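A.B. asks: using only what follows, build the 3D model:
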Amino acid sequence: MEIRKYLAAAVFSLLCLPSFGQTRMGLKGFGLTAHVVQETNHHLYANNLDPLGTYQLEPGGIFVFENISGMLSLKIMQGFYRNAMGLNSGFTHTGLRVFIINGKKHSVSAGLGPTLFYRQTVSQLENALPDDSYVGQEGQDWEFRFMPLSGELEYNFHANSRNDFTISLNHVANTAVALSFGYDYWLSPRRKPRGACSCPSFQ
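C.D. replies: Got it, this is the predicted structure:
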């Protein structure tokens, strides 16, 4: 029930976004992730890049829809990827962003918001240990975890009034952060918000 309520709220936010500010849409790709907290089933990781299994290859993508008004934005992200255990995984995120720097050519934003993470059920894997960090019903193929707050830190290079290139750190699982590279397209030419940073060295 809580999952359905969250998804309904995300869809409602998406429908309301065009009613204010400017809108941009984009795609991000990622492969390198860092597991800042060790999972119960870390022994099942197949793509370790270091002896401790902190760094992993987990290829995936994120669709982004963002509406910007001044120094604030409302952002929806839908991600899918193949996790370190070889399971299909994803997340749905809605959050508020604040532009820390907002110049003609460069901007930096940080944000927080609720996220629903999901993945194929770990118990289907051989040698899997019981793990209650995700919730699922017996016999179902997917399990879920809701986090009321997860974050993103993003740098944008504004190539022109409609095209941005991005680098970001994205919270893609309850224990993992991904380094992402992306492209954003503005549906109308970008306007520099009032109150934006006017520092000559960072425009």
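
A.B. asks: who does the helix or strand containing residue 94 pair up with?
C.D. replies: Element membership for residue 94, per DSSP states H and E: strand 88-102. Looking at strand 88-102 with DSSP bridges, its partner strands are strand 72-82 (antiparallel), strand 106-120 (antiparallel).

A.B. asks: now the ones you listed as CSV including distance to residue 59?
C.D. replies: Quick note: C-beta positions are derived from backbone N, CA and C, even for glycine. Shown next, in CSV, are the strands paired with strand 88-102 (distance: least, C-beta to C-beta, whole Å):
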stretch, distance to residue 59
strand 72-82, 6
strand 106-120, 15
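
A.B. asks: for residue 188, find the nearest of those.
C.D. replies: Checking these against residue 188 by C-beta to C-beta gives strand 72-82 as the closest, at 14.6 Å.

A.B. asks: ok, which stretches of this protein are helices?
C.D. replies: All helices of the chain, identified by DSSP state H, fall at 2-16.

A.B. asks: all the strands of it, residue numbers only.
C.D. replies: Ranges of strands within the chain are 22-35, 55-69, 72-82, 88-102, 106-120, 142-158, 163-171, 176-186, based on DSSP state E.

A.B. asks: out of those, nearest to residue 132?
C.D. replies: Here strand 142-158 is closest among the strands of the chain (C-beta to C-beta), at 10.0 Å.

A.B. asks: how far out from the middle of the chain is that closest one?
C.D. replies: Here the centre of strand 142-158 is set off from its chain's centre by 4 Å, with C-alpha atoms, centre = their mean, to the nearest Å.

A.B. asks: now it against strand 55-69, angle please.
C.D. replies: 60 degrees (axes from the mean of the first three to the mean of the last three C-alpha atoms, to 10 degrees).
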